[in-house]
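**Student:** got a predicted structure here, sequence first:
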Amino acid sequence: MRFVAGLRLPHNMGRVGSGRSPPSERLKSSALLCWVKLVVVPQRMAAARSRLWLCFLLFFVALLEARGVPVGITYVRNAVARGAVCLDGSPPAYHFDKGFGTGINNWLVHIEGGGWCNNVTTCLARKNTRLGSSKQMAKEIAFSGILSNKRRFNPDFYNWNRIKVRYCDGASFTGDIKAVNPATNLHFRGARVWQAVMEDLLSKGMKSAENAILSGCSAGGLTTILHCDSFRALLPMGAKVKCLSDAGYFINAKDVSGALHIESFYNQVVATHGSAKHMPRSCTSIYRPGLCFFPQYMARQMQTPLFILNAAYDSWQIKNILAPGVADPHGTWHGCKLDINNCSPNQLKVMQDFRLEFMYALARLGSSSSRGVFVDSCYAHCQSETQETWLWADSPELAKTSIAKAVGDWFFDRKPFQKIDCPYPCNPTCHNRVFDPQEHPNL
């Protein structure tokens, strides 16, 4: 047997970030199969080499397509004069891939996630990162999943105007404090940033939208709920406008020590950023402003149709609401939070109880025929932005329906979709997150 020299496959062939390999890893596996079939060449070396290179070429083409096309950044520079700035005073920004064909008058505005900062110390920690400064943001990002411009990867929205709004204020675009402490130079201006970005998009054609979706992931998913009705009010009366919250249904639940850690945290976010005056009055007239960061209290008053996409065992909520480090000083939950397969029977019981709390918080919204619901039993967080979970050969499904199809059917009124999964581990289509312990030593 002879081996073709000079060709090597990447070393990192294992899983990355999820319980199942993402598209790039599965494509690498396909390339490995090519290698196994062709690298051992019993005869006709030249023909074998040609087949091998063709195999690798097809692999890299598929990989590039799945990763999406890079989209450049747009800075809203005229916003600075109005004080609509990131934490560090830099201008807000977004990425815009223009629509084409039948989608030229349709708009999908997707809000980036990234948590929150609840006091001066935590806001200073993110001030000089991409979550606090547009100076630190990548000049290009790849659009995939719900932002993909490929019909086979995003059949209902591929040719829309697709925008990803960058998140740099730390309070889901709700803050507005005029004064700036010269000692910290922190700007709490999220509400102004929201207004400036929306005005910029309206001037670029969104004012004539026929169909529009406001969507977002994590803190961006919460932003979607908080701003959904006001987004609707910006657009023409005859436009079809709906909102999609991905991993943004954060619940008010006690942690494993019995404390309401997340409620206290949100109270501090609202106080630090001066958010109360820019939160929905329909909620703050009934509840304390800090409670209105929880969709279970605030979303009941929404008028615009909402699709809730969430994992019942949302990995961020398990890590930061159920078992935050402050409630687990001995690190008992560390391994479980890295990989749900590491959880003990007792920890799984606690997580099953958390799922029941999530179901109760969801039920507080009441029934609505205009609402969409896709709640799977995965250990995941944000499933619309990545191709492997939005629409792929083995993407997560409920009732044999992918997330992309469920959202598309709901938006275009082809078919209602309100499905809640059975308890973990019943769904074999889940892409459960697996976190690298070296990257998350304090998880």
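**Tutor:** Thanks, I have it.
**Student:** all strands of the stretch 251-400 of the chain, in order?
**Tutor:** Here the stretch 251-400 of the chain has its strands, by DSSP state E, counting those that start in this stretch, at 306-311, 372-376, 397-398.
**Student:** what lies in contact with the last one?
**Tutor:** Put plainly, it is strand 397-398. For strand 397-398, the external contacting residues (C-beta atoms under 8 Å, 6 or more residues apart in numbering) are 374, 376, 406, 419, 421, 427, 429. Glycine gets a C-beta too; all of them are placed from N, C-alpha and C.
**Student:** now do the fourth one against V375, distance only.
**Tutor:** Distance of K419 to V375, given as C-beta to C-beta, to the nearest Å: 7 Å.
**Student:** neighbour-wise, which of the two wins?
**Tutor:** Counting neighbours by other C-beta atoms under 10 Å for K419 and for V375 shows that V375 has the greater number, 21 against 15.
**Student:** coming back round to it: among the contacts of strand 397-398, which two are most distant?
**Tutor:** Between any two of the contacts of strand 397-398, the greatest separation by C-beta to C-beta is 14.2 Å, found for A406 and N427.
**Student:** so between these two, which is more surrounded?
**Tutor:** For A406 and N427, the more surrounded residue by other C-beta under 10 Å is A406, and the numbers stand at 23 against 17.
**Student:** pretty sure that one contacts G372?
**Tutor:** Yes - proximity of A406 to G372 meets the contact threshold set by C-beta atoms under 8 Å, at 6.9 Å.
**Student:** mind listing what A253 touches?
**Tutor:** Contact analysis of A253 by C-beta under 8 Å, 6+ apart lists 260, 262, 321-322, 354, 357-358, 361.
**Student:** which of those residues count as buried?
**Tutor:** 262, 321-322, 354, 357-358, 361 (16 or more other C-beta atoms under 10 Å).
**Student:** a markdown table please, covering those and showing distance to F307 and pLDDT.
**Tutor:** What follows is the buried ones among the contacts of A253, written out as a markdown table (distance: C-beta to C-beta, whole Å; pLDDT from 0 to 100):
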| residue | distance to F307 | pLDDT |
| --- | --- | --- |
| I262 | 23 | 98 |
| I321 | 22 | 98 |
| L322 | 24 | 98 |
| F354 | 22 | 98 |
| E357 | 21 | 98 |
| F358 | 16 | 98 |
| A361 | 17 | 97 |
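**Student:** just those residues: which are in helices?
**Tutor:** Counting by DSSP state H, the part of the buried ones among the contacts of A253 found in helices is 262, 354, 357-358, 361.
**Student:** okay, the residue lying closest to K178 once chain neighbours are set aside: pLDDT?
**Tutor:** Distance criterion C-beta to C-beta, 6 or more residues apart in numbering; nearest residue to K178, sequence neighbours excluded, is G83 at 7.3 Å. At G83, the model reports a pLDDT of 97.
**Student:** residue contacts, G83?
**Tutor:** Contact partners of G83, counting by C-beta under 8 Å, 6+ apart, are 178, 187, 189, 192.
**Student:** got a PyMOL select line for the buried ones in those residues?
**Tutor:** The command below creates a PyMOL selection of those among those that count as buried (16+ other C-beta under 10 Å):
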select buried, resi 187+189+192
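**Student:** my guess is F153 contacts E388. True?
**Tutor:** No - F153 lies out of contact with E388 (C-beta under 8 Å); the separation is 10.5 Å.
**Student:** and the nearest residue to Q387 once chain neighbours are set aside, what are its phi and psi?
**Tutor:** Of all residues not flanking Q387 in the chain, S144 sits nearest, at 4.6 Å (C-beta to C-beta, 6+ apart). The phi and psi values for S144, taken as degrees, to the nearest 10, are phi -140, psi 180.
**Student:** so how far is S218 from S144?
**Tutor:** Counting by C-beta to C-beta, the gap from S144 to S218 is 16 Å.
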